[in-house]
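J.: The following block contains a protein sequence and its predicted model.
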Amino acid sequence: MAKIGLFYGTDTGNTERVAKRIKELVEAKIGAGEVDVQEIYKKKAEDMANYNLLILGMPTWYDGELQGDWESYISEMEQIDFTGKTVAFFGLGDQYGYASYFCDALGLFAELVEKKNGMLIGLTSVNGYEHDFSKAQRGDQFVGLCLDTDNQDDLTEQRTLQWVEQVVSEFGLAQAS
């Protein structure tokens, strides 16, 4: 089975907490040791390019700002040919305090992956969110799992469980018995 590369960036630890939970849930479905979790800090293009199955996690700060380590990684990511790679995104944002920028980072990086021939999976419904605008939104879907641990943390676990089930299926991975 192909290993999954799960890359995340975090400042407060919230995205790291979700990344570790996603690893637990995915490995409960496909087997232990199948997800490599790596913080994006100081990573190079080849670190990500080595995986055909990717889960990328990032928060959006304030008025649509990227988390610092992801901002630094853009030039590396632009070097990667995502042809043959399947990518799922998850992100954290504040849909009330920054309603016009909710999870924008996902949208920016999803565009980059698509421009470089990657296939996006793990799209989720915008139902149940109360934001004004998001670069991560396409019609009635987000380009990945959007979480608001500030205002809707009580929904984080259920949303994550459902999304992991979807992503494992869309990756085409057999579930462990």
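T.: It's in. Numbers count the residues shown, from 1 in each chain.
J.: how far is the longest strand seen in the chain from where the chain is centred?
T.: Longest strand in the chain by number of residues (criterion: DSSP state E): strand 53-61. Distance of strand 53-61 from the chain centroid (C-alpha atoms, centre = their mean, to the nearest Å) equals 3 Å.
J.: distance of K115 from H131?
T.: Going from K115 to H131 by C-beta to C-beta, to the nearest Å gives 25 Å. For the C-beta atoms, the positions are set from N, CA and C on the backbone; glycine is no exception.
J.: With neighbour numbers in mind, choose between these two.
T.: Each of K115 and H131 has its neighbours counted (other C-beta atoms under 10 Å); H131 has more, 21 against 10.
J.: quick revisit: each with direction, which strands does the longest strand of the chain pair with?
T.: strand 4-8 (parallel), strand 65-66 (antiparallel), strand 86-92 (parallel) (DSSP bridges).
J.: Name the nearest residue to E71, ignoring sequence neighbours.
T.: E65 (8.0 Å; C-beta to C-beta, 6 or more residues apart in numbering).
J.: And the pLDDT at that neighbour?
T.: On pLDDT, E65 comes in at 94.
J.: give me the low-pLDDT residue ranges for the chain?
T.: 1, 174-177 (pLDDT under 70).
J.: now the strands for it?
T.: Under DSSP E, the chain gives strands at 4-8, 35-39, 53-61, 65-66, 86-92, 119-121, 124-125, 137-138, 141-142, 144-147.
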